[in-house]
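# pasting the structure only:
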């Protein structure tokens, strides 16, 4: 077997089996640290052994067994140093892995633990990317533009808190489940958005590694909780957003807004999958949550072959539903943008201006005002609004777009 | 597993009769469900004395070890299987005493 084949097999096993191995070990040893380290060692061993012996027929089982042995070795070593009482509780276990259903539950346990509400949001994001997605510490640090040591401390501290405060390793009870699922989805949506609208002056405008990881994790949650409407909604929302990724930034690195995008460049397969999910949710007849409504809005946009075919009344009606669920000023701002297409920029501007108190520090508020003022021919005011939006925008493609628009004002 | 559930005061006012009644109901529940270990309310920080005997001669300082707007007003020590159980109880405790609450595990 060639070196490249083995490396590919290990990479694929890493993508497919990492969370399963970590979850199974955490369940068995009750310790995220041991699970993470032993899983890492098992994958490193795989690179050597599989080159010599070939890829085993069931890579996941091989990795879990190897990681189990590594974990027990480590515990034995530590027990020799410290106290011996734990060793009695541990026995070598070379049993075949548990049936798939149970192991899938293990991964859910892992996800719910990493996204526990007693952990800070940034700790939840970091832990989930490390323990569930299997990203390395340097990868996560790079993704969030922090020092590797800072990210390392964040993860270490979170793991220590889970252990010391005894954050339980389990799927929440039915009564707590909706709130806890919402917490998991919030983590995934944050990862996706950080990828989709990456911040930082020297950052790529779109971080495909993060959007892809967020989608992969959301697919996993969807596989584990196929009947949850909001999980389906978030997946659809991500797919329909990701479908426009390549059309959204020009060759020169400038943001291309929805109305100016080349719709032929959208990813038809992702759109079809997203639409299918949205239709499924509509057919369920259950009241949609926030992600499902956002997905439906994106489905309306991606159904129009030309921006002029957009069903704006449908978009505004969906935003009205969303405002009802989430009366945040950002939703109100997005509703006003859609309403401008129905009622004209004058009416929309009045609605946007009413949000000034709450959104004066938000770049999109000023960018929206700038665009509406431009359409109304009020160049001077538009220029001031563009200036403010550029000052506040963190995404390089967005800054480039806003700057061009400002400089084109008459 | 035991947790310290600290009641954070941001002004030096005692519990109102309504709050005290709600706390009593909550305490009864802790006892009935086997979570109760101990609880107590504390005097104001101005009544505290800090002692330092590391140097062989005990030094007394009038006042709390940390001057801050927020201070420990009282606490529960509860027995709970894990943090989820402790957090649920603490959420009810916070409602009962009408104060912010901090949960910390004992080692």
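All right, it came through fine. From a predicted model like this one, the values you see are computed outputs, not experimental measurements.

# switch to C-alpha atoms for all contacts and neighbour counts from now on
Will do.

# and the residue nearest the centre of chain B, what helix or strand is that in?
By CA atoms, centre = their mean, chain B has its centre lying nearest to residue B:75, at 1.8 Å. Using DSSP states H and E, residue B:75 sits in strand B:71-79.

# roughly how far is that strand from the heart of the chain?
Distance, stretch centre to chain centre, for strand B:71-79: 2 Å (CA atoms, centre = their mean, to the nearest Å).

# and the residue lying farthest from the centre of chain B, helix, strand or coil?
What lies farthest from the middle of chain B is residue B:56; by CA atoms, centre = their mean that is 31.2 Å. At residue B:56 the chain is in coil, as set by DSSP: H, G, I helix; E, B strand; the rest coil.

# Excluding covalently adjacent residues, which one is nearest to residue B:75?
Nearest in space to residue B:75, with sequence neighbours left out and distances taken as CA to CA, 6 or more residues apart in numbering or on different chains, is residue B:6 at 4.3 Å.

# The helix or strand hosting that neighbour - what's its average pLDDT?
For residue B:6, the host element (DSSP H and E) is strand B:2-9. Throughout strand B:2-9, pLDDT has a mean value of 96.

# which element follows it toward the C-terminus?
helix B:17-32.

# Which other helices and strands does the helix or strand following that next one contact?
With elements assigned by DSSP H and E, the helix or strand that comes after helix B:17-32 is strand B:36-41. Contact here means 3 or more CA pairs under 8 Å, 6 or more residues apart in numbering or on different chains; DSSP states H and E; on that basis strand B:36-41 packs against strand B:71-79.

# dump the residue contacts of the residue nearest to the centre of chain B.
By CA atoms under 8 Å, 6 or more residues apart in numbering or on different chains, the contact set of residue B:75 is B:4, B:5, B:6, B:7, B:39, B:40, B:41.

# Show me which residues of chain B sit near chain A.
Within chain B, the positions adjacent to chain A are B:82, B:83, B:84, B:104, B:105, B:107 by CA under 8 Å from any CA of the partner chain.

# 10 Å - rerun?
By the rule CA under 10 Å from any CA of the partner chain, the part of chain B lying against chain A is B:1-3, B:80-87, B:103-107.

# wait, isn't the residue nearest to residue B:75 in contact with residue B:74?
Yes: contact criterion CA atoms under 10 Å: residue B:6 and residue B:74 qualify, at 6.1 Å.

# quick one, what contacts the nearest residue in space to residue A:226 that is not next to it in sequence?
Closest residue to residue A:226 apart from its sequence neighbours, by CA to CA, 6+ apart: residue A:232 at 7.6 Å. By CA atoms under 10 Å, 6 or more residues apart in numbering or on different chains, the residues touching residue A:232 are A:218-219, A:221-223, A:225-226, A:238, A:274, A:277-278, A:280-281, A:291-292, A:295.

# ok so, going back, which helices and strands does the strand holding residue B:6 pack with?
strand B:36-41, strand B:71-79, helix B:83-97, strand B:100-105 (3 or more CA pairs under 10 Å, 6 or more residues apart in numbering or on different chains; DSSP states H and E).

# quick check: angle from the first one to strand B:71-79?
Looking back up the chat, that one is strand B:36-41. 170 degrees (axes from the mean of the first three to the mean of the last three CA atoms, to 10 degrees).

# From the chain's centroid, how far away is strand B:36-41?
Relative to where its chain is centred, strand B:36-41 has its mean C-alpha point 8 Å off (CA atoms, centre = their mean).

# ok, back up a step: report the separation between the residue nearest to the centre of chain B and residue B:47.
17 Å (CA to CA, to the nearest Å).

# can you pull the buried residues of the helix or strand where residue A:214 lies?
Element membership for residue A:214, per DSSP H and E: helix A:208-224. If you call a residue buried by 16 or more other CA atoms under 10 Å in any protein chain shown, then helix A:208-224 has these buried ones: A:208, A:210-222, A:224.

# now that helix: mean pLDDT?
88.

# domain parsing for chain A?
A:3-97, A:100-169+A:177-224, A:226-248+A:259-310, A:327-410 (automatic domain parsing).
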